[in-house]
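J.: Predicted model and sequence follow; I will ask about them next.
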Amino acid sequence: MVTENDYGQPVFYVDGEELEAFLKSELTESKGYGYEWENEKVTHLHFRPITHAFGNVKTVSFAKHNGRHFEDAALKIDVKEDGTPSIEGNEITVIPSRENLYKRNKGLLEVDILANKRVLIIGLGSGGSPIAVELAKAGVGQFALADFDRVELHNLSRHICTINDLGRLKTDAVADAIMGKNPYAVVDKLPLDINKNQDILEDEIAKADVVMCCTDNNQSRFITSQLLVKHGKVGIFGRAITRAEGGDVFIARPGKPCYFCLLGSDWFDQSAEEITNEASARRAGRIPAYVSAEDAEAFVQVGLGADIEPIANMMVKLALVELSKGTDSGITSLEDEFKANYYIWANRRERQYANWGSFHNTDGMPTIMRWYGIDISKDDNCAVCGKAEALETDDSFMESLKSMGSDNFSDLSLDDITTSES
């Protein structure tokens, strides 16, 4: 058992940009806030209050070498002429500035350029939430987050959020997770249903450098695809198959095949996709209204977080390659590797992957735990990007789509898959 004395000397951190602003100001002293993790002797110092802090909050006085402290402050921080802060002779660690925070990524990623890139993430579930954090860790500096759901108990087993986030809007919780990794990021939160707010979605897609579509229904994917084509933007679509036994990733590039060139007319075959909770499945019509809550449990099928991670990771890599194009970075070579626009992954040899080869003995078949890339051709009759007249996403249209359905992989042959390994 760890006791309070086992933590040793108190540890302090101060935000570097806030400290720099104080040093450049004409003030000789400033009030602040100390956010302490209870019983851990770790305190984060700020010049302005922050939200969603846990633990004790103390008043702080920052004073330059020629300044006086506020007597009523609980913590008194001395700032030397060289900008070094200390408390009662103890050194305080300064969180580095933006350009130094991700210096270990330099040479592999052009982090200065990524800081000015904007990514729109639609859907902040088990796929979208880790994608947001990984892009923040890579140094992406601008985000727009779209999701109208809240963090629920069933999310926790596969989500980046913790039990302390229960009940919070996913946009708020994931924004905090981004800021926790990259405090200099700019995050715009969109706690809304994009299917019902297409004007806002269009504005955000127009502003984004890359759009990550992590939703669980084809209506939102269809609307997103239309707007990507209209504004000539890059979109990356990812999904998991039932119980996360596998999944796929598609990247839509300007002037190239869109997501619905892949799906063709089989737009509403939702049978293979995951149903992660009863509420969202009922909204999407995948659990009929007449089905009782008890029987609905049989419909709800989820996989492990570890099964989602390969799909999210592939989407992150594709995004970073797209965001880094035109730069001399360490991942430039991946542009040649990621020429295909469609990628398939299987976690287990089950159901539609049952005939795949053993991981150790392929027998000419695709195997689990390995990505396969396929180049999907443009469909001239695609209702989104082809010569056919674009279809509207009104209620009657979407209802007609729900009556359609077949195997999403019906147009792919094993020859396509086995000769396109990536």
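T.: Nice, I can see it. Numbering: from 1, shown residues only.
J.: residues touching the residue lying closest to Gly141 once chain neighbours are set aside, list them.
T.: Closest residue to Gly141 apart from its sequence neighbours, by Cβ to Cβ, 6 or more residues apart in numbering: Ala115 at 3.6 Å. No exception for glycine: its C-beta is placed from N, CA and C like everyone else's. Each residue near Ala115 by Cβ atoms under 8 Å, 6 or more residues apart in numbering is listed here: 98, 139-141, 184.
J.: How much space separates Ala115 from Ala144?
T.: 16 Å (Cβ to Cβ, to the nearest Å).
J.: again, but for Gly330
T.: Distance from Gly330 to Ala144, counting by Cβ to Cβ: 27 Å.
J.: So for those two, which residue has more residues nearby?
T.: Ala144 (23 against 14; other Cβ atoms under 10 Å).
J.: right, and the more buried one touches Glu204 too?
T.: Yes. Taking Cβ atoms under 8 Å as the definition, Ala144 is a contact partner of Glu204 at 5.0 Å.
J.: who's Phe62 bridged to?
T.: Ser30, Ile77 (DSSP bridges).
J.: Wait, it touches Gly32, no?
T.: Yes. Shown here, Phe62 and Gly32 form a contact pair, counting by Cβ under 8 Å, at 5.5 Å.
J.: Looking only at neighbour counts, state which of the two leads.
T.: Phe62 (27 against 24).
J.: What distance do you get for that one to Lys41?
T.: Phe62 is 20 Å from Lys41, by Cβ to Cβ.
J.: and what of Tyr13?
T.: 12 Å.
J.: if we can go back for a sec, out of the contacts of Ala115, who has the most neighbours?
T.: Val140 (29 neighbours).
J.: Enumerate every residue touching the closest residue in space to it that isn't next to it in sequence.
T.: What sits nearest to Val140 in space, not counting adjacent residues and going by Cβ to Cβ, 6+ apart, is Leu114, at 5.0 Å. Counting by Cβ under 8 Å, 6+ apart, Leu114 touches 138-141, 320, 323-324.
J.: Now do the host helix or strand of Val211: distance to the chain's middle.
T.: According to DSSP states H and E, Val211 maps onto strand 210-213. Its chain's average C-alpha position is 9 Å from that of strand 210-213, according to Cα atoms, centre = their mean, to the nearest Å.
J.: list the helices and strands that strand packs on?
T.: strand 118-122, helix 218-231, strand 234-240, helix 305-323 (3 or more Cβ pairs under 8 Å, 6 or more residues apart in numbering; DSSP states H and E).
J.: Adding mean pLDDT, mean neighbour count and distance to Asp172 as columns, could you present these in a markdown table?
T.: Shown next, in a markdown table, are these (pLDDT from 0 to 100; neighbours: other Cβ atoms under 10 Å; distance: least, Cβ to Cβ, whole Å):
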| stretch | mean pLDDT | mean neighbour count | distance to Asp172 |
| --- | --- | --- | --- |
| strand 118-122 | 98 | 24 | 14 |
| helix 218-231 | 93 | 22 | 21 |
| strand 234-240 | 95 | 25 | 23 |
| helix 305-323 | 92 | 21 | 20 |
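J.: picking that back up, do me a favour and average the pLDDT over the strand holding Val211.
T.: When pLDDT is averaged over strand 210-213, the result is 98.
J.: With stretch 67-81 instead?
T.: 93.
J.: for stretch 136-148, same thing?
T.: Mean predicted confidence for stretch 136-148 is 93.
J.: Next, the buried residues of stretch 65-84.
T.: 73, 75-79 (16 or more other Cβ atoms under 10 Å).
J.: Equivalent analysis for stretch 18-25, please.
T.: 18-19, 22.
J.: For that stretch, which outside residues touch it?
T.: By Cβ under 8 Å, 6+ apart, stretch 18-25 touches 30, 46-48, 62, 64, 79, 83, 85, 94, 97.
J.: Return the subset of those residues lying in strands.
T.: 30, 46, 62, 64, 79, 85, 94 (DSSP state E).
J.: doesn't Pro85 make contact with the fifth one?
T.: Yes. With contacts defined as Cβ under 8 Å, Val79 counts as touching Pro85 at a distance of 5.0 Å.
J.: which residues do Phe62 and Gly32 both contact?
T.: In contact with both Phe62 and Gly32: 45, 47, 77, using Cβ under 8 Å, 6+ apart.
J.: residues contacting the second one?
T.: If I follow you right, that is Phe47. With the criterion set at Cβ under 8 Å, 6+ apart, Phe47 makes contact with 15, 18-19, 21-22, 30, 32-33, 62.
J.: Just name the closest of the residues you listed to Val234, please.
T.: The closest of the contacts of Phe47 to Val234 turns out to be Asp15 (Cβ to Cβ; 33.5 Å).
J.: Dig out what that closest one forms beta bridges with.
T.: Ile95.
J.: That one reaches Ile95, doesn't it?
T.: Yes. Look at Asp15 against Ile95 with Cβ under 8 Å: they come within range, at 5.6 Å.
J.: okay, and the common contacts of those two?
T.: What both Asp15 and Ile95 touch, as defined by Cβ under 8 Å, 6+ apart, is the set Pro183.
J.: Leaving out the residues flanking it, which one is nearest to Ile160?
T.: Nearest one to Ile160, counting by Cβ to Cβ, 6+ apart, is Ser129 at 4.5 Å.
J.: what does Lys317 give?
T.: Leu334 (6.9 Å).
J.: That neighbour: neighbour count?
T.: Neighbour tally, Leu334, other Cβ under 10 Å: 15.
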